[in-house]
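Trainee: Quick one, what's the 3D model for this:
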Amino acid sequence: MRLTRTADVWWKDAVIYCLDVETYQDGNGDGCGDFLGLTQQIDHLARLGVTCVWLMPFFPTRERDDGYDITDFYNVDSRLGTLGDFVEFVRTARDRGLRVIADLVVNHTSDQHPWFQSARSDRNSPYRDWYVWRDEPPKDGPQGIVFPDKEKSLWDFDEQAGQYYLHRFYKQQPDLNVANPAVRDEIARIMGFWMELGLSGFRVDAVPFLLETAGQQDAGELPDPHDYLADLRAFLTRRNGEAVLLGEVNLPYSDTLKFFGDQHGVGDELTMCFDFIAMQKFYLAMARRSAAPLAEALRERPQPPRDGHWAMFVRNHDELTLDKLSKDERQEVFDEFGPEKEMRLYDRGLRRRLPPMLGDVERTKMAYSLMFSLPGTPVLFYGEEIGMGENLVAEGRLAVRTPMQWKADRNGGFSTADRDRFPCPMVEGEYGPEHVNVADQRRSDESMLSWIRLLIERYRESPELAWGHYEVIDTGHPAVMAHRSSIGEDMVLALHNLGTEPVDISLRLPEFDDSHVLTDLLADGTTKISRDGHAKISLGRYGCRWFRVCPAQ
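Mentor: This next block holds a predicted model:
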């Protein structure tokens, strides 16, 4: 049985590419990336095989939280262009067959947003109740500080307002009061506005915080936070039946599953959720050179209701969080991939990119092969396709948000301006643009760019990986991760050696015999299946192989 793809669930086998406009390509020579430059580079994404571009925040901002402190939800930051430039980019992307989604950051605003300025100036302001105020911080208020190195409290006193306001993130980002119906209506208007300009959905920032109403006096007016998320999904679907909500939900599987909606499909919520658990177990498996942690996570992972789907990634766009690992497990990953304190963030994650962490090209290629073969929608962070590194001189999460490296000149082809005008310093040394760039790798069949392009091509040719039923297979060797994805009789098999030594295994495929062979998908060749359903497979050091079961000739 062969699968017929359905266009209105395009996200099932999409390839999503996350980028920051200000660090991607400078089109006017002022030192800051912009929509003009991004549009000029759209063919790079089309050649790569990307099907959806995810834009990090591009709205007007005071730039006190990498663009997440928004001062106007209905415009484009003037450094990045105009609304016209944005629409031109979206139309050009559509012309190349690419959809575009954007960050929906509505947990909070900047403290310089006109809503907050009005709210703090007068207790009778219509915007006063758009935020959460208290004369004294509640003793039993919401727990947990997102940025413990910067903030010591969830409440900050505003002299002009004469009250404390709630901020779960930085103090310059006051929380919006989602228990207020006017705020909920405004969030829907924001979504509707950008969809009218061509977006195909949103990546929803910090979803659990968006729905959190603890400590809010009028929280009882909100029947159920998940009902509100269902309302947003219903609104989105009415506007565009194929639009997507991709949620950042870093919770255990049992809790994350609730954000997809009812198991019976009543009250659909998020379309996709990032698989933070498998991602963190992936790093533990890599550190131990043992497939067991990742295999265990995938065996435990629940199936989302209806068309819900998981999003797979190896490098988040900010911190590489490890908070769901135990303290000892997290230390294992730190010892292997972040031995120096400056490589870590909040003692719960890493601010590094994959190639310098792994320190081995073959190991890095194997890691991306594993990601693309796992059940879920693959998500790439810009620069991953060429193996970019980080710049630990940059503060915090900016270490991985360095300018894109297009060619081997001092500025990496990012801009003609002086480097001191860049939004973030360039990567230096071994991973600098002189050694790692698009232009050089485009001419090499052995480059990371060629490898990622091959993985995307094979992934798109193998609908079983996205749509099929998957099963983790015991190989009898601790370093080898093996799983199969099937649709009827069609099956794709993926094996990855997380170890440093070559491995020979005998894999049992009980429903097949010598009338079938395993056809390599990443290289030329076939592997025989014996009469009793066994296949002998060799994997090199950090080796990876994808197979399709085919009739023997």
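Trainee: So residue 46, which state does it fall into?
Mentor: helix (DSSP: H, G, I helix; E, B strand; the rest coil).
Trainee: Now it. Nearest residue, chain neighbours left out?
Mentor: Of all residues not flanking residue 46 in the chain, residue 96 sits nearest, at 4.2 Å (C-beta to C-beta, 6 or more residues apart in numbering). For every residue, glycine as well, the C-beta is placed using N, CA and C.
Trainee: Determine the set of other helices and strands touching the lowest-mean-pLDDT helix or strand in the chain.
Mentor: Taking mean pLDDT, DSSP states H and E as the measure, the chain has helix 207-211 as its least confident helix or strand, at a mean of 87. Counting contacts by 3 or more C-beta pairs under 8 Å, 6 or more residues apart in numbering; DSSP states H and E, helix 207-211 is packed against helix 225-239.
Trainee: Sheet-wise, list the partners of whichever helix or strand comes after the helix it packs on with their directions.
Mentor: Sequence order places strand 244-247 as the next helix or strand after helix 225-239, per DSSP states H and E. According to DSSP bridges, strand 244-247 forms sheet pairs with strand 201-204 (parallel), strand 272-274 (parallel).
Trainee: nearest to residue 26, of those?
Mentor: Across the strands paired with strand 244-247, residue 26 has its closest neighbour in strand 201-204 (24.1 Å, C-beta to C-beta).
Trainee: got the CA coordinates for that closest one in PDB?
Mentor: Once non-C-alpha atoms are left out, strand 201-204 reads as follows in PDB (Å, rounded to 0.1, in the frame of the first residue of the first chain):
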ATOM      1  CA  GLY A 201       0.700  29.300  11.200                       C
ATOM      2  CA  PHE A 202       2.700  30.000  14.200                       C
ATOM      3  CA  ARG A 203       5.300  28.600  16.600                       C
ATOM      4  CA  VAL A 204       3.700  29.300  19.900                       C
END
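Trainee: what pLDDT, on average, does it get?
Mentor: The average pLDDT for strand 201-204 rounds to 97.
Trainee: for stretch 34-47, same thing?
Mentor: pLDDT averaged over stretch 34-47 gives 98.
Trainee: before we move on, what about stretch 135-154?
Mentor: 75.
Trainee: Over to it now: how far is its first residue from its last?
Mentor: With C-alpha to C-alpha, to the nearest Å as the measure, stretch 135-154 spans 14 Å from end to end.
Trainee: number of nearby residues for residue 189?
Mentor: Per other C-beta atoms under 10 Å, the neighbour tally for residue 189 reads 11.
Trainee: Could you pull out the strands in the stretch 351-500 of the chain for me?
Mentor: 377-381, 469-473, 480-487, 490-497 (DSSP state E, counting those that start in this stretch).
Trainee: how about a markdown table for those strands, with mean pLDDT and distance to residue 388 added?
Mentor: Listed next are these as a markdown table, based on pLDDT from 0 to 100; distance: least, C-beta to C-beta, whole Å:
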| stretch | mean pLDDT | distance to residue 388 |
| --- | --- | --- |
| strand 377-381 | 98 | 9 |
| strand 469-473 | 96 | 30 |
| strand 480-487 | 97 | 25 |
| strand 490-497 | 97 | 23 |
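Trainee: Now tabulate those strands in JSON lines and tack on mean neighbour count and distance to residue 289.
Mentor: Formatted as JSON lines, the entries for the strands of the stretch 351-500 of the chain read as follows, by neighbours: other C-beta atoms under 10 Å; distance: least, C-beta to C-beta, whole Å:
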{"stretch": "strand 377-381", "mean neighbour count": "25", "distance to residue 289": "23"}
{"stretch": "strand 469-473", "mean neighbour count": "16", "distance to residue 289": "17"}
{"stretch": "strand 480-487", "mean neighbour count": "22", "distance to residue 289": "10"}
{"stretch": "strand 490-497", "mean neighbour count": "24", "distance to residue 289": "9"}
